[in-house]
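Colleague: fold the following for me, if possible:
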Amino acid sequence: MKRFYFCLLFFILISKGYTENVYCTYYRQTNEITCGTITCPTHIPPDHDLKEDGLDTKLPLGWYRIGTMQIRHDTSWFNLYRRKAQGSGYWDFYTNIPERNCVGGFGLHSGENIPGSVTVKDKRCFDRLVNQIERKTTMEKFDVHQCRKCIFNSCWLGTRVLPDQRQYLTNLRSY
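Modeller: Numbers count the residues shown, from 1 in each chain. Now for the predicted structure:
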């Protein structure tokens, strides 16, 4: 009888989604992203003359938090919140990041191939990533910072913590 209850409890925990959090890694060299057990190929971002200016068009190296699902131009999209290079905290999705040449707006999606974002080639594979991210992680809130007037790689009017916290599902490492 004990074995029956143990198996029943185990089944309930698994069916309710009480499993370990899924973490994601973007592999810049092989152009792949892995979340949990799912790996998807990604597009190489278009140059748009950025390489001539010495800028990398791929998602920059570092740690990010993956925000909740958004819909942009009829496309599913996760905002990526980059960890600050100095101090603690994360930059808001909508701010220009001083340590990244005043560029921001990083995302994970399967739509248009955009510089600085991770664009999954196959929509079905992206849907499997979404399933891993949304069903096997826990949602938490965190503070984000805003750079006020990013010029010449610095915040000329300072930074501030935005009053509304953001929600994130899991972490992503760009490697």
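Colleague: quick one: the strands in the protein, in order.
Modeller: Secondary structure of the chain, counting by DSSP state E: strands at 24-27, 32-35, 38-41, 62-72, 75-82, 90-91, 107-109, 118-119, 140-142, 144-147, 150-151, 154-155, 159-161, 166-174.
Colleague: contact partners of the last one?
Modeller: Right, strand 166-174. 21-26, 28, 35, 58-68, 78-81, 92-93, 108, 133-134, 137-144 (C-beta atoms under 8 Å, 6 or more residues apart in numbering). C-beta: built from backbone N, CA, C; applies to glycine.
Colleague: let's see it at 6 Å
Modeller: 21-26, 59, 61-68, 133, 137, 139, 141, 144 (C-beta atoms under 6 Å, 6 or more residues apart in numbering).
Colleague: quick one: the residue lying closest to residue 108 once chain neighbours are set aside from residue 153, how far?
Modeller: Leaving out its chain neighbours, the residue that sits closest to residue 108 by C-beta to C-beta, 6 or more residues apart in numbering is residue 78, at 4.3 Å. In this view, residue 78 and residue 153 are 26 Å apart by C-beta to C-beta, to the nearest Å.
Colleague: and what of residue 130?
Modeller: Taking C-beta to C-beta, one finds residue 130 at 34 Å from residue 153.
Colleague: and these two? which has more neighbours close in?
Modeller: Between residue 130 and residue 153, counting by other C-beta atoms under 10 Å, residue 130 is the more crowded of the two (18 against 12).
Colleague: what's the burial count for the residue nearest to the more buried one when sequence neighbours are not counted?
Modeller: Spatially, and ignoring its direct neighbours in sequence, residue 130 is nearest to residue 76 (6.6 Å; C-beta to C-beta, 6+ apart). Per other C-beta under 10 Å, the neighbour tally for residue 76 reads 16.
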